[in-house]
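S.K.: coords below, sequence missing:
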C-alpha cells in the first residue's frame, strides 16, 4: 500500500540567490512543520540548513515562514496550516538569511541591547528581598509580557521593522516594558531614553501583527503603548533631556 | 493558497487610515479652491453648485464623507490604543469604527438623495 504524501516547497539559498525546491513528504498523524523539515534533512536532502533545539516551544529557535506567515514550527501542526495539500516553508522575514531556513538573529538581539532590555539591579546580597504583591498593578503588567521566548516571529511579522531598519521591534520593546514595571530595576530613565526617538516605541503604527502572530499569545502592542505613555509622561516632566 | 502576515483586521484598519489620510490631503486643496470661488467668483461658484447636484457627484461626496469618518474613527481608535489603558477586543473596536464610518456615510447619502 502506498503511503499518503504531500508536497513541501522549501526555500534553498540565501537573500541574494535562491529558489523553492519541492519535496514529497509522507503525511503522518500529529505531524508538526518541524517534523517535516527534519524528515527532509534526514531522509531526502542532508544539505538543508535549519535551526531548532528543544522541539517543545521553549527555546524559540525554530521559527520559520509557513505558507506566508511566521510561526514556531515545532508547535505548528501540519493539519492546521496545510493548504491545497501543500506547504511552503521559507526563512523568517526581516532578517538576513544565512542559508536556507537559518536566519542571522544578530540584529534582532542587538536591538534588545539597544533598548536596554536587561535588568539593572540596585541592591546587593545583603539587602532583603523586594516584596512585590501578585496583585500589584506593575507586577501584573510585567507578568503579562515576561514569557517571551525570543523566537523572532513578531519581528518577522512587523511591517515597521521592514520599513525602518532602526526600529527596535516588538520583542525588544516588550522586554523593555516588563523592566519598566519591575519594582527592583533601577535603569528606568536611561531605558526610556533608549526606547524613544527614530527607532523607538513611537515608530510603532499599532498594526498589531505581533499580537496576531505571537505564539505565546503575548501582546507587544500593549507593551509598546505602555512605553509610549511612559515616555510621553517623562517628556512632559522634562526627564528625557 | 498562500496567506499573508498582513491578513488581519487591525492591518486593514491601518491601510484604511493611511489611504483615507492621503485621499483627504489631496481633497483639501480642491476644497479650499471651492471656498475661494464662493467668496470671490459667485457666478463660477453657482455653476459648481449645479454640477454638484449631479447624482454621481453626490455618490463621490458620500465616498468622501466615509473616508473622512473612517479617518476620524481610526484616529480616535489609535489615540485610545496609545493613551488609554489597554483594552482587549481590538478587532471589535475596528469593526465598530468601520460601522460608525459607514453609518455616517449612509446618513449623508439619505439626506443628499
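M.R.: Nice, thanks for sending it over. Note that the structure is a prediction, hence the values are computed from the model and not measured.

S.K.: hey, let's count contacts and neighbours off CA atoms from now on
M.R.: OK.

S.K.: in chain A, which helix has the most residues?
M.R.: Scanning chain A for the helix with the most residues, using DSSP state H, yields helix A:220-236.

S.K.: what's the burial count for residue 52?
M.R.: In the absence of a named chain, this looks at chain A. Residue A:52 is flanked by 16 other residues according to other C-alpha atoms under 10 Å in any protein chain shown.

S.K.: hm, I was asking about chain B
M.R.: So residue B:52, with other C-alpha under 10 Å, has 14 neighbours.

S.K.: Kindly provide the distance from it to residue B:112.
M.R.: Residue B:52 is 11 Å from residue B:112, where distance means C-alpha to C-alpha, to the nearest Å.

S.K.: shared neighbours of these two, anything?
M.R.: Counting by C-alpha atoms under 8 Å, 6 or more residues apart in numbering or on different chains, the common neighbours of residue B:52 and residue B:112 are residue B:58.

S.K.: pLDDT score for residue B:3?
M.R.: pLDDT recorded at residue B:3 is 77.

S.K.: burial count for the nearest residue to it once chain neighbours are set aside?
M.R.: Of all residues not flanking residue B:3 in the chain, residue A:68 sits nearest, at 5.1 Å (C-alpha to C-alpha, 6 or more residues apart in numbering or on different chains). Around residue A:68 there are 20 other residues, counting by other C-alpha under 10 Å.

S.K.: Please enumerate the helices of chain B.
M.R.: Using DSSP H, helices in chain B cover B:9-40, B:42-52, B:55-83, B:90-112.

S.K.: just those helices: most buried one?
M.R.: Greatest average neighbour count among the helices of chain B goes to helix B:55-83 (a mean of 18), per mean count of other C-alpha atoms under 10 Å in any protein chain shown.

S.K.: Not counting sequence-adjacent ones, nearest residue to residue B:67?
M.R.: In space, residue B:67 is closest to residue B:20, 5.2 Å off (C-alpha to C-alpha, 6+ apart).

S.K.: Verify the stated contact: the one you found with residue B:71.
M.R.: Yes: applying C-alpha atoms under 8 Å, one finds residue B:20 in contact with residue B:71, separated by 5.9 Å.

S.K.: shared neighbours of these two, anything?
M.R.: In contact with both residue B:20 and residue B:71: no residue, using C-alpha under 8 Å, 6+ apart.

S.K.: My read is that residue A:49 contacts residue A:97, right?
M.R.: No: using C-alpha under 8 Å, residue A:49 is not in contact with residue A:97; the gap is 10.7 Å.

S.K.: ok, of the helices of chain B, where does mean pLDDT dip lowest?
M.R.: helix B:42-52 (a mean of 87).

S.K.: ok so, going back, do you know how far the residue nearest to residue B:67 is from residue B:100?
M.R.: Counting by C-alpha to C-alpha, the gap from residue B:20 to residue B:100 is 15 Å.

S.K.: give the contact list for the spatially closest residue to residue A:207 that is not a sequence neighbour.
M.R.: Excluding its sequence neighbours, the residue lying closest to residue A:207 (C-alpha to C-alpha, 6+ apart) is residue B:11, at 5.1 Å. Taking C-alpha under 8 Å, 6+ apart, we find residue B:11 in contact with A:207-209.

S.K.: so residue A:22, which of the three states?
M.R.: strand (DSSP: H, G, I helix; E, B strand; the rest coil).

S.K.: is it true that it touches residue A:12?
M.R.: No: applying C-alpha under 8 Å as the test, residue A:22 and residue A:12 come out as separate, 10.0 Å apart.

S.K.: Have a look at those two and say which one is more surrounded.
M.R.: Neighbours around residue A:22 and residue A:12, counted as other C-alpha under 10 Å, are more numerous at residue A:12. The numbers are 20 against 15.

S.K.: Is it correct that the more buried one falls within a helix?
M.R.: No: according to three-state DSSP, residue A:12 belongs to no helix; its state is strand.

S.K.: residues touching the nearest residue to it once chain neighbours are set aside, list them.
M.R.: Computed as C-alpha to C-alpha, 6+ apart, the closest residue to residue A:12 that is not its neighbour in sequence is residue A:100, at 4.5 Å. Contact partners of residue A:100, counting by C-alpha under 8 Å, 6+ apart, are A:10-14, A:48-50, A:90-91.

S.K.: How about the residues of chain A by chain B?
M.R.: Within chain A, the positions adjacent to chain B are A:67-70, A:83-84, A:157, A:205-209, A:212-213, A:222, A:225-226, A:228-229 by C-alpha under 8 Å from any C-alpha of the partner chain.

S.K.: Tell me the buried residues within the residues you listed.
M.R.: A:67-70, A:157, A:206-209, A:212-213, A:222, A:225-226, A:228-229 (16 or more other C-alpha atoms under 10 Å in any protein chain shown).
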